[in-house]
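S.K.: no FASTA, just this:
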């Protein structure tokens, strides 16, 4: 179960559909993977059973990794702990996340993230004259979006175009950049956005995991990120490029724009990687269920 938005933005129709889905799955004896925060909470509370057959997978909460404290943050921790205890299995690919809640007496299992769009078969990007770069990230300072735009202003590749997806970008008018304020993950619009680009750049300063990287890999994009991304290892394994810091990541992406053949080769590696990753995830899932 994956909801492209949280509780506040989902609305009654989406929430009702999610409740019907988990109710039918429980009735039919099916296990449900609840991916991300809202589905994990919903999957935990939408059952009268003590341990409903649901697996929660997530990488952050309102208190981790920000480290914020106070009464409101304490309520968040309590809420997540209660939800985690109700689920049959709670897992995270982020070591720090597992340690954070482990100290509260809630065991979090190690896992891999399921790839999005399991029915979607990506096509490798062909070499072409104009390279389309993509950035997606709400917290643009933490995710290095500010560095990206600054370096684009100073040394934009002449053969490149950039789509910058951010609810509140630092600027909204820059040559060669198309600004989008929002895109809902998992929607047809989101899928088309990924299909229309060649390179995803996430020059992050801090990233517990980086699910957007999996979405991009699954769509055949070449990914460029930093060692600060929790999914950096997956990016490397899929043929993507990992730099030491945000500035180096952006420069790596700019350099790649001059080598069309390399983009095509790396995109092909990403497409070949996806089914192998899916098989490994299913084996890991079997271990969790055992």
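M.R.: All right, it came through fine. Everything numeric in this text was worked out from a predicted model, so none of it was measured. Numbering: from 1, shown residues only.

S.K.: and the spatially most central residue of the chain, what is it in contact with?
M.R.: The chain has residue 211 as the residue nearest its centroid, 1.3 Å off, counting by CA atoms, centre = their mean. By CB atoms under 8 Å, 6 or more residues apart in numbering, the contact set of residue 211 is 36, 59, 113, 116, 185, 231. Every C-beta, even on glycine, is put in place using the N, C-alpha and C of the backbone.

S.K.: Serialize those residues to CSV and add fields for secondary structure, neighbour count and distance to residue 128.
M.R.: Shown next, in CSV, are those (DSSP: H, G, I helix; E, B strand; the rest coil; neighbours: other CB atoms under 10 Å; distance: CB to CB, whole Å):
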residue, secondary structure, neighbour count, distance to residue 128
36, coil, 20, 34
59, coil, 22, 34
113, coil, 24, 30
116, coil, 21, 25
185, coil, 18, 26
231, coil, 27, 27
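
S.K.: where does residue 122 land on pLDDT?
M.R.: As predicted, residue 122 sits at a pLDDT of 66.

S.K.: contacts for the helix or strand that residue 234 is a member of?
M.R.: Residue 234 is part of helix 232-237, with elements assigned from DSSP states H and E. Under the criterion CB under 8 Å, 6+ apart, residues 210, 213-214, 217, 223-226, 229, 241-242, 273, 277 lie in contact with helix 232-237.

S.K.: helix, strand, or coil at the closest residue to residue 240 other than its chain neighbours?
M.R.: Distances taken as CB to CB, 6 or more residues apart in numbering place residue 223 nearest to residue 240, at 3.6 Å, with adjacent residues excluded. Counting by DSSP: H, G, I helix; E, B strand; the rest coil, the backbone at residue 223 sits in strand.

S.K.: residues in contact with residue 223?
M.R.: 199-200, 202, 213, 216-217, 235, 238, 240-241, 270.

S.K.: in those residues, find the pair that's most separated.
M.R.: Largest separation among the contacts of residue 223 by CB to CB: 202 and 270, giving 14.4 Å.

S.K.: what about the two, which has more around it?
M.R.: residue 202 (30 against 24; other CB atoms under 10 Å).

S.K.: hmm, who's touching the helix or strand where residue 247 lies?
M.R.: Assessed by DSSP H and E, residue 247 sits inside helix 246-257. Applying CB under 8 Å, 6+ apart, the set of residues contacting helix 246-257 from outside is 131, 133, 144, 147-148, 151-152, 155-157, 159-160, 199, 201-205, 222, 224-226, 241-243, 262-263.

S.K.: buried residues in the helix or strand of the chain with the lowest mean pLDDT, which are they?
M.R.: When the helices and strands of the chain are scored by mean pLDDT, DSSP states H and E, helix 7-27 comes last with a mean of 80. By 16 or more other CB atoms under 10 Å, the buried positions in helix 7-27 come out as 10, 18, 21-22, 25-26.
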